[in-house]
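>>> Could you look at this predicted model? Sequence included:
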Amino acid sequence: MTLGAVRPAANIRWTRLPRRTRQFSSSAPFNSDNKLDSKAFSKTLLLPRTSFPLWADPSKSEEPFRKRTCEDLYQWQQKNANGPVFVMHDGPPYANGHLHMGHALNKIIKDIINRYHVLIGDKVHYFPGWDCHGLPIENKALQELGKDVLSLPANTIRSAAKATAEREMQTQKEEFEQFGIMADWSPETTYRTLDHQYEVRQLRIFQKMVENGLIYRHYRPVHYSPSSHSALAEAELVYRDDHVSHSVYVTFAIDPRTETRSMVLRQIIAEHSVNLLVWTTTPWTLTANMGIAVHPELTYSVVKTQSKQGVMIVAKDRILALEDVIGPVESVADIQGVDLVDITYIPLFSSLCPTDASALSVISASHVTSESGTGLVHCAPAHGAEDYLAFRSLGLLQGSTTDMMCHVDESGKFADKVAHAVGSDTANLLVGQDVLKGGSKAIVQLLARTGNLVKMQKIKHRYPYDWKTNEPIIVTATSQWFANLDGIKEDALDAVKEVEFFPPASRNRLESFVRSRSEWCISRQRVWGVPIPALYHVPTDQPVLDSASLNHILRVLEERGVAYWWDGPVEHFLTPELLAKGGADAWRKGTDTMDVWFDSGTSWSMLEAPRDGRRFAADVCLEGSDQHRGWFQSQLLTAVGSAPAGAKPSSPYGTLITHGMVLDEAGVKMSKSLGNVVSPMSVIKGGANVKKEPAYGADVLRLWAATVEYWRDMSIGPTVLAQSAQSLRKIRNSARFILGNIGDATTRRNVQPVDKQDLGLAERYVMNELYKLEATAREGYSSYSFPKVMNALSNFANITLSSLYLDITKDCLYANAVHSKERRAVVATLERVLDTMTSAMAPVLPHLAEEIHSVLREGEGESDSAPLSFFTKTWAPLSTEWQDPQAERDMTDLLRVRTVVLSLLEKARKDKNLKSSLEAEVDLIVPNSMADRPEMLKLLDREESFLKTLFLVSDVEITNEGSLGATAPEWSYISSMPLPAFEHELSIRVRPATQNKCPRCWTYTRADEHELCPRCDGVVAGEH
């Protein structure tokens, strides 16, 4: 049972004892002629002395130790550690802006893991990295230039972006160092995705994927961000639920000349004008309509409405839901969806075109349902993946740029070619209009003009946004490079089976993302990035990207630098075979850059291949939960996709750990606009208002990171940080007390050790609790459950130490002779406690561990070499001899008695019968009728001399009711508690001490005729 579980005894009652025959004296007054000075002996006491300060000042308690425990330590363990290699692979943050609290959480958790492995003797490999390409950095550079991407030469933008990335990396490096991260931040032991060797490795991996037949170019609909002027992968999207769209219900007129297999439908077309009712939330795509889809197995109804001439066709199951759109209807006939397939209809805007447009057809598609809309779906293959796949499956598309109608340019605006659908005059109303804004509204107005608009509704719904610009995206057809994932996703899923996940449920997230993807759009239309080195034959616009061309191109880029792709003449990249096909003028270089997830996803290639029994290149990768669709996935896919044909799929990492997002104290996402951002640098160094934002230092921030359940979303703010600071102060104070009492290095060397069998119950109990703390800490660190470690450490420091052991041993430490067995036992115990506690705290609180270590080394003499870090000493577990369940049981029983005693002392204090508990003595009163003494009483007998120390009183006597005497003390308080497995109770009485106060130790154990108590008299006289 731990101290935290100790409960007060039941049935406590407060009573005055009846008078007995025994005589008691209250604290006897001193003879006025021999009055003792309580301060006269203070210099003979062994009061705590230490240079370890009470209050931590980060400028003195952290900064002096930072280099020793960070850069120097990393270099030392790389040279001297003899244990297994442990690889923490760092997911590169964007080199963009100051660090936020998510960065701090991420790097600190990684550092806790790394430091634990150094402590247990492993050799840690950890190279911090940065992601240097892509839109955020390019945009920042453009903002600083005050220009947009279209107004500057590409080389100017690249130079500015590179300078921006390098400057931002330097800023972030300096801030990361403030977190106390153990790393060597020199260029040789960090990585950047803009480094030449990194880019070349990335391109070699790309080449292997080309050779494995996974890379292809296709004209098809993709997620496209007008605000970024680039295609996006699914991983670069965020979905917002508050997007507002103009949804429209539109009629398409069936061509009266159409052929149909249904006699019923043929007759209806002959007698009525027939319209197909369609609903869409993207009216801007209607100019690109190429078909209407129905489900062949759905039943459709031909209905008459009161508001529109002729008849409409809708899904029968949707009639009731559409009543507020088309009003009450009269059903004319029911037909099957299969009977609608292949009938033709008139293009929507044909009345606006001067030339006749060809009729379009109804197609069959399985993705059509009757759960929403009208049961008929407008198809624009250039703007919808399902439409595109449906047309491909029917052989209606071949993948060329002429197959699909697409009237949207790279800015997300209507282009001139929209005139093909709406006519030149009407096109003037659309060209240049943003399709998501004015363009959609203009289309709605055109529909009203042509008479095809039935109803327009604004709806709020879930819609994808560009995760970097926070602007809505569109789906539109462009020519892009893709990685085919269908051929490798099963291999990737097989590889993931070997990976450990923390928390375990996160496995499902990664596997579901991999399973749901069939291709990866890897090309981007950005200036700042790694090029996709494809060559294009100008006469045919056909790309060349194969093993031969890449071998030649990559040899050039390895020699001249990857940037030479942009700067060098095309003939330098042509093989003789390609040059022979029309000369250099017949070829151009591609301008697409690679998806930044491909950049960072190939970072595993920096790591050594597993050897010496290692199974994975990286032991651990740790990032936010959003990286299941980002870096975790891109590493896996590039590793599996570039593996040699026939090789067993292998994951680049052995364990994936994910953390949640950092929120403010109210659980709200941090935002500059809300003013609720907590900066990690303000936590460490203090904010503008020091009272509101004090300088806590790195260890408080680290302690916060280690105490939250980081695998979930977590909060931070003034209250939480103040609590972390208070927790750290308590741990610090326990360490300070110990340092002040165990003496310097010389003193400790000269103290004779005490064998375990000579230790008292309190020491054996504390060592058992320390053994349990260490076991919990080592298990918690190895299983990444840091809150378990910190909770155990705080409980041990606050309860086992501060509330018990340090309190009850002060008398012995201060007043006993320095070489007395009792004091040596306590000091030896405190030394072991401090050593293990420091090891347990060190991964989380490295600066505090180094400060303790530095104070412990005082008195060891000067050394020519720089002082070594605490972490250079391997954490050796305590021997199992300190596991002592019997001591735990015994102390738990005694603490139950102590709880009652302390309650009685508090009652006496409240009644002003005493100020100090030392003014009291305790009687433990055993019933007269007990023939057999239970184990509890045997324990009390055995530990009788220890009880006064445990109860913090001057004496404890075990007696029975018959020995109490007839004379009652001046005051007394009594209670009782049950004896386990016995009907009798143990009575507990608190009364005044019977002797006088010792002026040296302040216990009431001095006889009237003596100057000091026997213990102090012997110490002062030198009788050890």
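Thanks, I have the structure now. Residues are numbered from 1 along each chain as shown.

>>> Only C-alpha atoms from now on, for both contacts and neighbour counts.
OK.

>>> residues contacting Thr285?
Going by Cα atoms under 8 Å, 6 or more residues apart in numbering, Thr285 touches 380, 383.

>>> is it true that it lies in a strand?
No. Counting by DSSP: H, G, I helix; E, B strand; the rest coil, one finds Thr285 to be helix, located in no strand.

>>> roughly how far apart are it and Gly439?
10 Å (Cα to Cα, to the nearest Å).

>>> which non-adjacent residue is nearest Glu166?
Ala95 (7.7 Å; Cα to Cα, 6 or more residues apart in numbering).

>>> is it true that that neighbour touches Ala163?
No. At 10.9 Å, Ala95 does not count as touching Ala163 under the criterion of Cα atoms under 8 Å.

>>> Could you check which of those two has the larger neighbour count?
Set side by side, Ala95 and Ala163 show more neighbours around Ala95, with 25 against 14, by other Cα atoms under 10 Å.

>>> ok, and what's touching stretch 924-938?
So stretch 924-938 is contacted by 893, 956-962, 979-980, 982, 984-989 (Cα under 8 Å, 6+ apart).

>>> Can you list which of those residues are found in strands?
956-960, 985-989 (DSSP state E).

>>> right, and the pair among these with maximum separation?
Val956 and Glu985 (17.8 Å; Cα to Cα).

>>> These two: who's more crowded?
Per other Cα under 10 Å, whichever of Val956 and Glu985 has more neighbours is Val956, with 23 against 15.

>>> hang on, isn't Tyr1004 packed against Ala993?
Yes. Using Cα under 8 Å, Tyr1004 is in contact with Ala993, at 6.3 Å.

>>> Nearest residue to the middle of the protein?
What sits nearest the mean C-alpha location of the chain, by Cα atoms, centre = their mean, is His659, with 2.1 Å.

>>> So the nearest residue to that residue once chain neighbours are set aside versus Pro843, what's the distance?
Distance criterion Cα to Cα, 6+ apart; nearest residue to His659, sequence neighbours excluded, is Trp711 at 4.1 Å. Separation of Trp711 from Pro843 (Cα to Cα) stands at 18 Å.

>>> Between the two, which has more neighbouring residues?
Pro843 (26 against 18).

>>> isn't that one right up against Ile112?
Yes. With contact defined as Cα under 8 Å, Pro843 counts as touching Ile112 (4.8 Å).

>>> in the stretch 101-250 of the chain, which spans are helices?
101-119, 135-145, 154-177, 196-211 (DSSP state H, counting those that start in this stretch).

>>> of the ones you listed, which approaches Ile716 most closely?
Closest among the helices of the stretch 101-250 of the chain, using Cα to Cα: helix 101-119, at 8.9 Å.

>>> Any chance you could list what contacts the closest one?
With Cα under 8 Å, 6+ apart as the criterion, helix 101-119 contacts 77, 81, 86, 88, 93, 123-124, 176, 179, 181-182, 622-624, 659, 661-662, 678-680, 702, 705-706, 781-782, 784, 839, 842-844, 871-875.

>>> how about 7 Å then?
124, 179, 181-182, 622-623, 661-662, 678-680, 702, 705, 781, 843-844, 871, 873-875 (Cα atoms under 7 Å, 6 or more residues apart in numbering).

>>> for stretch 300-312, same thing?
So stretch 300-312 is contacted by 272-277, 313-316, 326-337 (Cα under 7 Å, 6+ apart).

>>> Over to stretch 418-437?
284, 287, 349, 352-354, 407, 412-416, 439, 442.

>>> Please repeat the previous calculation with a cut-off of 8 Å.
Counting by Cα under 8 Å, 6+ apart, 284, 287-288, 349-350, 352-354, 406-408, 411-416, 439-440, 442-443 sit against stretch 418-437.

>>> Which members of these occur in helices, if any?
Residues of these located in helices (DSSP state H): 439-440, 442-443.

>>> any idea which of these is closest to Arg898?
Ser440 (79.3 Å).

>>> ok so, going back, what's the distance between the residue nearest to Glu166 and Ile109?
Taking Cα to Cα, one finds Ala95 at 20 Å from Ile109.

>>> just Glu763 next, same as before
From Glu763 to Ile109 the distance is 34 Å (Cα to Cα).
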